[in-house]
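Asks: quick one, what's the 3D model for this:
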Amino acid sequence: MSEPTPDPRLQYLVNQLRPGAVRTVKVTGFDGTDVLVELVDAEGGETEIGRIPRQEASMRRMEHPSELFDIGQEIDAEEVGRWGEGQLHFSARACEIPALRSFLLAFEPGQVVAGTVSEVHNFGVFVHVDGEPDGLCTGFIRGPDLTWSWISHPSEAVEAGRRITAEVIIAETRTGQVTLSLKALQEDPLIRFADQVGRVLTGPITRIVPFGVFVQLAPDVVGFLHLSELTDEPVETPDQLVSEGELITVKVTEVDLQRHRVRLGVAGEADGT
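Replies: Residues are numbered from 1 along each chain as shown. Next comes the predicted model:
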């Protein structure tokens with residue numbers, strides 16, 4: 001069976017975050033908290049004006065970019081794109097630490113890297129990637145990229161100090177970070193489950209939400225049963241009908257590998273229940 005095709009919307013976002021060209025610019029002033037610049041290496045000898053938005057000025061904390069830049073100062077900055085009326089925007093922070101930039105530019109999406117988990121938070125996991133510049137922590141794994149299994153907190157998947165192998169999603173010079181995935185190196189359990197469409201299965205309800213319930217169908221496979229499948233009577237929430245842990249018999253109506261979801265229906269008498 002073929003692997004699920006990449007989401008084109010995600011691919012577009014990844015392309016937008018890829019590092020741009022490095023240009024030499026001269027600080028000409030400030031517009032609020034943005035830095036106004038002009039291209040020193042402009043093509044054709046014509047002066048082109050641009051700006052460095054405050055959030056792209058530095059990785060260091062500051063009240064105002066004037067604390068870091070002087071008018072007339074020349075700096076290297078990464079070209080971000082054209083915004084507004086076609087004005088060039090730049091990122092100085094993307095070039096702030098040359099060793100970090102070089103480290104990040106060496107990565108390609110899909111590359112496998114090793115590292116050590118540094119910190120675990122409810123929003124994701126920070127990782128010391130092997131070979132990163134001293135004093136920095138460059139790796140990050142979002143909660144959904146840790147495992148195919150449903151977890152309530154990233155600490156259920158990894159702990160600080162653990163050695164891991166992960167796949168690179170994207171390395172961003174503007175954030176100074178490489179986004180990783182543990183899940184990408186694990187087989188999607190739905191691939192083996194895709195032939196179960198039409199099967200009637202019994203499993204426990206693992207979670208109740210206002211519009212339906214999630215049912216455990218197999219290890220690492222959970223399906224969703226919409227509230228409308230549970231009853232024709234008007235009810236406000238599914239917990240008026242069922243409870244977590246309760247066994248329920250359902251029919252697999254769809255396995256969507258692209259969206260990684262399983263839709264369920266209630267099994268009727270015609271299904272042998």
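
Asks: walk me through the domains of this protein.
Replies: 20-95, 99-185, 189-271 (automatic domain parsing).

Asks: pipe the ones you listed into TSV and attach mean pLDDT and mean neighbour count per row.
Replies: C-betas here are computed from N, CA, C, even on glycine. Shown next, in TSV, are those (pLDDT from 0 to 100; neighbours: other Cβ atoms under 10 Å):
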stretch	mean pLDDT	mean neighbour count
domain 20-95	91	16
domain 99-185	96	17
domain 189-271	89	15
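
Asks: give me the beta-bridge partners of the closest residue to Gly223 other than its chain neighbours?
Replies: Of all residues not flanking Gly223 in the chain, Val262 sits nearest, at 3.7 Å (Cβ to Cβ, 6 or more residues apart in numbering). For Val262, the beta-bridge partners are Val255 (DSSP bridges).

Asks: can I assume Val262 is in contact with Leu225?
Replies: No. With contact defined as Cβ atoms under 8 Å, Val262 does not count as touching Leu225 (9.7 Å).

Asks: anything in contact with each of those two?
Replies: Here Val262 and Leu225 share no contacting residue, scored by Cβ atoms under 8 Å, 6 or more residues apart in numbering.

Asks: contacts for the strand or helix carrying Val215, please.
Replies: Using DSSP states H and E, Val215 sits within strand 212-218. Residues outside strand 212-218 that contact it (Cβ under 8 Å, 6+ apart): 150, 189, 193, 196, 201, 203-208, 222-227, 229-230, 238, 242, 248, 250, 252, 262, 264.

Asks: tell me how far the closest residue in space to Arg54 that isn't next to it in sequence lies from His226.
Replies: Setting aside the residues directly before and after it, Arg54 is nearest to Thr33 in space (Cβ to Cβ, 6+ apart), at 3.9 Å. Thr33 sits 47 Å away from His226, going by Cβ to Cβ, to the nearest Å.

Asks: ok, Glu67 next?
Replies: Glu67 is 55 Å from His226, by Cβ to Cβ.

Asks: kindly report the same for Ile208.
Replies: According to Cβ to Cβ, Ile208 and His226 sit 12 Å apart.

Asks: quick one, what contacts Tyr159?
Replies: Tyr isn't right for residue 159; it's Glu. Counting by Cβ under 8 Å, 6+ apart, Glu159 has contacts 117, 120.

Asks: wasn't it part of a helix?
Replies: No. Using DSSP: H, G, I helix; E, B strand; the rest coil, the assignment for Glu159 is coil, not a helix.

Asks: from Val117, how far off is it?
Replies: Applying Cβ to Cβ to Glu159 and Val117 gives a distance of 7 Å.

Asks: and the strands in the stretch 1-150 of the chain?
Replies: For the stretch 1-150 of the chain, the strands defined by DSSP state E, counting those that start in this stretch cover 22-31, 34-39, 49-52, 74-83, 87-91, 112-121, 124-129, 139-142.

Asks: make TSV out of these and add distance to Glu63.
Replies: As requested, those are exported to TSV (distance: least, Cβ to Cβ, whole Å):
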stretch	distance to Glu63
strand 22-31	12
strand 34-39	14
strand 49-52	16
strand 74-83	19
strand 87-91	20
strand 112-121	27
strand 124-129	27
strand 139-142	27
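
Asks: residue contacts, the most centrally placed residue in the chain?
Replies: Nearest to the geometric centre of the chain sits Arg142, at 5.7 Å (Cα atoms, centre = their mean). By Cβ under 8 Å, 6+ apart, the contact set of Arg142 is 123-124, 179.
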